[in-house]
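In: Below are the sequence and a predicted model for it; my questions follow.
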Amino acid sequence: MMEKVFETPIYENNLQSVQGVLPFRTDEGHKGSFGRCVVVGGSSRYVGAPEFAAQSAAETLALSGEAAMRSGAGTTVLAVPDFLASALYPVVHYSAIFSLPSREGNIVFDGEAARGLFDKATSAAIGMGMADGDAFSYLSYLLDNTDCKAVLDADGLKCAEKFDDFGGRVVLTPHLGEMSRICGLSVAEIRDNAVEVCKDYAKRKNCVLLLKGHRSYISDGESVYVNSVGNSKLSKGGSGDVLSGIIAGLLAWGTDVFSAARVGAYALGRTAEFSTTNAISHLPDDIMSCLPLVFDELQGIMRL
């Protein structure tokens, strides 16, 4: 059988291709120099065990915030529905907490809250655990009223088709199932034509698309990189939320959108390769402990 020939050049997203793409970080910088990342998410969707669900949601959002800090953001803010804020206090160590109004367990849009939330923000990650919350209005406000760059993930992806143009400022991070719901193609069609689907969507929507999978595809609508770094240790709930945090953290301190998506995909995969925890027991927390090793590698630093 002849190998399928793609018109679009495909580049490997490996250490050689991502090393050197991050902006310079001055030693004289302070936390304000490296941006503020806002993480918007949470809901009461999983109500079978409300207290446990709230704690689980809080821990997931806290992971995203910590990932943003581990990836260079100067400060992070976790914006959650008002009823979830108290569950965050025991699990948040480095992020501020911002309470958003809610209705029937979901975040609702409030213009005054949005102004306060995005004041001084340089990046955002929107959608993790958000269920039917109003991701569309918060992202619309961000695009219309700020210079922030953003990651749209998880439940936030439900609103993707409402946007005609993301202004080159947004990274979308769907897996195959989410991409199928977004674009209307079957999972098989997307899997068999991942390169062209990824490139065409990114070009049509003026965004960066990171199509997650065993092999992840990243495109800005012009070129496509394939990321094969990583292993099955990442096949646990919460890994995608950490990826969104990593990318949003990179965006916070000035990394361009395409580079942030590429470095984020590489960094997440590489943590799994660095991790000494076995694939059965590996958790998203283990990703966090390996991120410093990845950034050492990206900067060419060897630890003794």
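Out: Here it is on my side, so go on. If you're wondering where the values come from, they're calculated on a predicted model, not measured in any experiment.
In: Can you give me the pLDDT of Ser86?
Out: At Ser86, the pLDDT value in this model is 84.
In: neighbours of it, just the number please.
Out: Residues lying near Ser86 (other C-beta atoms under 10 Å) number 13. All C-beta spots, glycine's among them, are computed from the backbone N, C-alpha and C.
In: Next one: Ser219 from Lys203, what distance?
Out: Noted for Ser219: a distance of 8 Å to Lys203, by C-beta to C-beta, to the nearest Å.
In: So for these two, which sits in the more crowded spot?
Out: The neighbour count for Ser219 versus Lys203, taken as other C-beta under 10 Å, is higher for Ser219 (28 against 14).
In: from memory that one sits against Arg204, does it?
Out: No - counting by C-beta atoms under 8 Å, Ser219 sits too far from Arg204 to count as a contact (11.1 Å).
In: Show the end-to-end separation of stretch 217-228, please.
Out: 9 Å (C-alpha to C-alpha, to the nearest Å).
In: residues in contact with the residue most central in space within the chain?
Out: By C-alpha atoms, centre = their mean, the chain has its centre lying nearest to Ser244, at 1.5 Å. Shown in contact with Ser244 (C-beta atoms under 8 Å, 6 or more residues apart in numbering): Val39, Ser64, Ala67, Ala125, Gly127, Met128, Val151, Asp153, Ala154, Thr173.
In: Please apply the same query to His214.
Out: Ser228.
In: how near is it to Glu66?
Out: Counting by C-beta to C-beta, the gap from His214 to Glu66 is 26 Å.
In: How about Ser289?
Out: 11 Å.
In: More neighbours: which of these two?
Out: Higher neighbour count among Ser289 and Glu66: Glu66, with 24 against 14, using other C-beta under 10 Å.
In: so that one makes contact with Ile287?
Out: No - using C-beta under 8 Å as the test, Glu66 is too far from Ile287 to be in contact (10.0 Å).
In: Hmm, Leu88 and Leu61 touching each other?
Out: Yes - between Leu61 and Leu88 there is a contact under C-beta under 8 Å: 6.9 Å.
In: shared neighbours of the two, anything?
Out: Leu78, Val80.
In: Sounds good, over and out.
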